[in-house]
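Enquirer: need coordinates for the below:
(2 chains)
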2 protein chains.
Amino acid sequence: MKSQFKAVSGSVVAPRGFRASGVFCDIKRLGTGKGSQKGQKRDLALIVSDAPCAVAGLFTTNQTCAAPVKVCLERVKGGRAQAVVVNSGNANACTGSQGLKDAREMARLTEQVLHLPAGMVLVGSTGRIGVAMPMDQVGAGIRQAAAELGGARADADHAVEAIMTSDTRPKQVAVEFKLGGRTVRLGGMCKGAGMIHPGMSPTGQRPASLPLHATMLAFLTTDAAIDPKVLQRCLTEAVAQSFNRITVDGDMSTNDTVLLLANGRSGNAKLGARSAELGTFAAALNHVCLELAKMIVRDGEGVHRVVTVRVQGARTVQDADAAARAVANSALVKTSWHGGDPNWGRIIDAVGYSAAKVVESKVDIGYSRPGSSKVLWSLKRGQPTQATFRELCAAVAPKEFDLHIQLNLGRAGAVMYAADLTEEYVDFNKGDVSEPGSLGG
Amino acid sequence: MKSQFKAVSGSVVAPRGFRASGVFCDIKRLGTGKGSQKGQKRDLALIVSDAPCAVAGLFTTNQTCAAPVKVCLERVKGGRAQAVVVNSGNANACTGSQGLKDAREMARLTEQVLHLPAGMVLVGSTGRIGVAMPMDQVGAGIRQAAAELGGARADADHAVEAIMTSDTRPKQVAVEFKLGGRTVRLGGMCKGAGMIHPGMSPTGQRPASLPLHATMLAFLTTDAAIDPKVLQRCLTEAVAQSFNRITVDGDMSTNDTVLLLANGRSGNAKLGARSAELGTFAAALNHVCLELAKMIVRDGEGVHRVVTVRVQGARTVQDADAAARAVANSALVKTSWHGGDPNWGRIIDAVGYSAAKVVESKVDIGYSRPGSSKVLWSLKRGQPTQATFRELCAAVAPKEFDLHIQLNLGRAGAVMYAADLTEEYVDFNKGDVSEPGSLGG
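Expert: Purely as a prediction, here's the structure:
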């Protein structure tokens, strides 16, 4: 799959016709009441297309969703947009009617400065919850960001820096592929770190099948031409297998947002529901979303180990998902991963208390290198195998490994990209009570 | 409520006609391959009535339930028992058909040495998962424990010591009250510490209404005379408001068990479904179960703070329960408690992603001293109050406080007894890979 797509640089400005910028406008200072940060980390980003785009989006299903999510929900429905304004340092969540006004004002200011029609700008925010947006700073930031827009790799780097919160490194990717002889590009950037267990839907409404539990933000651009309804369907499917399958701490954020803008500048024949080449576009999108999603887990707060939990043999997809999520979010399983302890007792315990149908005497549990089918089984049909403790410890020692859980009850499967639970996570999140405010959205 | 019942010493031997013992028989050594523990901590307990008892029990709804749970499920149905044998150091969970044979053999050996009819002994186990029971040691322990049975306070102390695993202190209580002029006693002991989020039912089957997620073991005795069906109903109700409402880490164990033996030695008129005095007995049982349940949370692994989460104003009891559990099990909320940070953003986030219906603009969040109705509100109708950060920090500084969440949507409420998440919890549970085996059941 990976070899199908050529990696290119430039993230969200890799596709033709997109420009970006990231500036420092001191949002965090006002959020925390503290002096500006060392090095003045950028905190406001713009991503702008030269032409109107088809747009698709997925949003947190948290019932206390943030104001920018509400604004995007209204605007993505129309299927058209041309720019995104994003800030870090303040989530604009739990800020009531003033928050909603502020999010709309962020969009209006951006439209004004970029000379775009009303309704063509989307908004994203991440940072502290329950603190009013410092709109003077935000306004100045938008003007500065508009002045600095560019299509160079450095411009994308500035944008991705500006959306980071507790992230220790930028997360971006772009690929190039062919659609009907035309070269198409798809790029994306995201942020994560904590409050990561997304359960996003296109409407913000929670389908029965959707998981209950990041602020994670992801912004994707492409120069493919595609119908907005088809774009939404492709993005919904891609997110279901990527961002909605990651967990750092099991806490779903108020602000989770994925947006994809497609401006058609590659000149490909517009993709519709029945286009022969839709599969290629969808595969590229799945690839980019999964790469970005995995970056979020790897850079999760205090994360030392990343474990791909692969459940197979469940009666239903819902069962497979429930079993995978129970294991991926179990404090005891996650601490054992941190310790390098191949503790299958905690794993079968978590599977057993999940909503999935499980028969202890049928469960297999094993480990492999990432993506490998060569599994070292620790448990077969509910009983320990001949694998030695030393061998099992070696299997869970790498920074990344796959955990295989075969329920042997049916044919359904599910995957979760999960992280260990470390002292650093606790230390980071226990907070600094000398600094009021609610980090997280 | 508390003043209604006189506290007495002696735990499970406080009621007439009960004897207990706790001995060291070296179960842990064989479980871990290590030398015996310093001080040779007791690891096998007996609780025995001089006469046959009515019995009631609740058991883990984990589908990978341990062998002793299976044996108890078979035997409690009959409503009669006379003794309980319990070991720590080995959970006898995920031990297949041999494990079930071993659990039955523990009961049979106890029946033999105590000269009891077949079927009158119940079994409990806690400790490592997936390790065969060291039956030679267990057999020797049962014989020694039978020889040491006594009705003194020290005997109960030995029994409670023998069921401890990661507990740092013994947990026991006993009360005295009057039923129709007769003095009745009710005593209990329990253990907890990790893998604590019980969801027990009388049948081990999970009702739709039951929470999904300890090893906790609790053994209760009373000299009340009571019909076994009525006893079961009282215990089911008491556990629903106590043991099934605690969480340390959100992980439900394979071995959770609560057993209650009633031998009628107080000479009260046998309690039936319509007895005028049933309410008094039920209230005493509720009191004892809640006291024991709270002891488990206070002594949870690495726990520094205990928070009673009180949700009110939910549309339904299910909604109230879902909201309370989401908050009580949120890694971000629990780490903020550890830090003494009154982070209402994380609380409203967790309420928002719960399965409960929530309207952000209606939510109130506040703090009080344990059991007090004098609440310092941090949030009213979704908006921060005038309470200062310093005031709120002071409210969450004590080792125990109540968190009040008023949803303002209905009249239903729920309570959870929860703990903070600390570096010590992670450090303790990341395991020692020099020591194979799966602690936890």
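Enquirer: direction included, what does whichever strand or helix holds A:Gly187 pair up with?
Expert: Using DSSP states H and E, A:Gly187 sits in strand A:182-191. Here strand A:182-191 has these sheet partners by DSSP bridges: strand A:171-179 (antiparallel), strand A:217-222 (antiparallel).
Enquirer: which residues in the stretch 1-150 of chain A form helices?
Expert: A:27-32, A:67-76, A:96-114, A:135-148 (DSSP state H, counting those that start in this stretch).
Enquirer: and of those helices, who's closest to A:Asp251?
Expert: helix A:67-76 (16.1 Å; Cβ to Cβ). In short, each C-beta sits where N, CA and C put it, glycine included.
Enquirer: list the residues that contact A:Val333.
Expert: The contact partners of A:Val333, by Cβ atoms under 8 Å, 6 or more residues apart in numbering or on different chains, come to A:327, A:343, A:346-347, A:350.
Enquirer: for the stretch 251-400 of chain A, what lies in contact range of chain B?
Expert: Residues of the stretch 251-400 of chain A found near chain B (Cβ under 8 Å from any Cβ of the partner chain) are A:251-254, A:329-332, A:335-336, A:338-341, A:343-346, A:348-355, A:357-361, A:363, A:379, A:382-384, A:389, A:393.
Enquirer: what separation do you get for the residue of chain A most remote from its centre and B:Val131?
Expert: Within chain A, A:Gln386 marks the point farthest from the mean C-alpha position, 39.4 Å out by Cα atoms, centre = their mean. Going from A:Gln386 to B:Val131 by Cβ to Cβ, to the nearest Å gives 16 Å.
Enquirer: where along the stretch 251-400 of chain A do the strands fall?
Expert: A:257-262, A:306-314, A:364-368, A:376-380, A:383-384, A:400-406 (DSSP state E, counting those that start in this stretch).
Enquirer: low-confidence ranges, the stretch 1-150 of chain A, go.
Expert: A:1-3, A:29-39 (pLDDT under 70).
Enquirer: so which bits of it are right by chain B?
Expert: A:61-65, A:91, A:93-94, A:96, A:128-130.
Enquirer: does A:Val85 touch A:Cys25 like I think?
Expert: No. Applying Cβ atoms under 8 Å, one finds A:Val85 not in contact with A:Cys25, separated by 11.4 Å.
Enquirer: more neighbours, those two?
Expert: Of the pair A:Val85 and A:Cys25, A:Val85 is the one with more neighbours under other Cβ atoms under 10 Å in any protein chain shown, namely 28 against 25.
Enquirer: tell me who's in contact with the nearest residue to the more buried one once chain neighbours are set aside.
Expert: Computed as Cβ to Cβ, 6 or more residues apart in numbering or on different chains, the closest residue to A:Val85 that is not its neighbour in sequence is A:Thr110, at 4.5 Å. A:Thr110 makes contacts with A:46, A:83, A:85, A:116, A:121, A:142, A:146, as judged by Cβ under 8 Å, 6+ apart.
Enquirer: contacting residues for the fourth one?
Expert: This means A:Leu116. So A:Leu116 contacts A:82-83, A:110 (Cβ under 8 Å, 6+ apart).
Enquirer: with A:Lys374 instead?
Expert: By Cβ under 8 Å, 6+ apart, the neighbours of A:Lys374 are A:Ser368.
Enquirer: one more: A:Glu161?
Expert: The neighbours of A:Glu161, taking Cβ under 8 Å, 6+ apart as the test, are A:22, A:41-42, A:170.
Enquirer: among the helices of the stretch 1-150 of chain A, which comes closest to B:Asp321?
Expert: helix A:67-76 (26.8 Å).
Enquirer: what's that closest one in contact with?
Expert: A:55-57, A:59-60, A:81, A:92-93, A:95, A:99-100, A:102-104, A:106-107, A:119, A:121-125, A:202-204, A:254-257, A:259.
Enquirer: got the end-to-end distance for stretch A:54-65?
Expert: Terminal residues of stretch A:54-65 lie 24 Å apart, using Cα to Cα, to the nearest Å.
Enquirer: can you check stretch A:298-309 too?
Expert: So stretch A:298-309: terminal residues 14 Å apart, Cα to Cα.
Enquirer: now it: average pLDDT?
Expert: For stretch A:298-309, mean pLDDT is 92.
Enquirer: per-residue confidence for A:Phe389?
Expert: Model confidence at A:Phe389, given as pLDDT, is 89.
Enquirer: over to A:His197?
Expert: Note for A:His197: predicted pLDDT of 70.
Enquirer: and what of A:Arg346?
Expert: Looking at A:Arg346, the pLDDT reads 89.
Enquirer: residues near the closest residue to it other than its chain neighbours, how many?
Expert: Distances taken as Cβ to Cβ, 6+ apart put A:Leu332 closest to A:Arg346, at 4.5 Å, once the chain neighbours are dropped. Using other Cβ under 10 Å, A:Leu332 is surrounded by 26 other residues.
Enquirer: and the lengthiest helix in chain A, what does it pack against?
Expert: For chain A, the helix reaching the highest residue count under DSSP state H is reported as helix A:278-298. Applying 3 or more Cβ pairs under 8 Å, 6 or more residues apart in numbering or on different chains; DSSP states H and E, we find helix A:278-298 packed against strand A:171-179, strand A:182-191, strand A:217-222, helix A:228-240, strand A:246-247, strand A:306-314, strand A:412-419.
Enquirer: now do that helix: distance to the chain's middle.
Expert: Computed by Cα atoms, centre = their mean, to the nearest Å, the chain-centroid distance of helix A:278-298 equals 10 Å.
Enquirer: list the buried residues in that helix.
Expert: For helix A:278-298, a neighbour-count test (16 or more other Cβ atoms under 10 Å in any protein chain shown) marks A:278, A:280-298 as buried.
Enquirer: also stretch A:301-315?
Expert: For stretch A:301-315, by 16+ other Cβ under 10 Å, it's A:301-314.
Enquirer: now do stretch A:73-80
Expert: Using 16+ other Cβ under 10 Å as the test for burial, stretch A:73-80 gives A:73, A:75-76, A:80.
Enquirer: which of these sits closest to A:Glu176?
Expert: The nearest member of the buried residues of stretch A:73-80 to A:Glu176, counting by Cβ to Cβ, is A:Arg80 at 25.1 Å.
Enquirer: contacts only, for the closest one.
Expert: With contacts defined as Cβ under 8 Å, 6+ apart, A:Arg80 is in contact with A:52-55, A:119-120, A:228.
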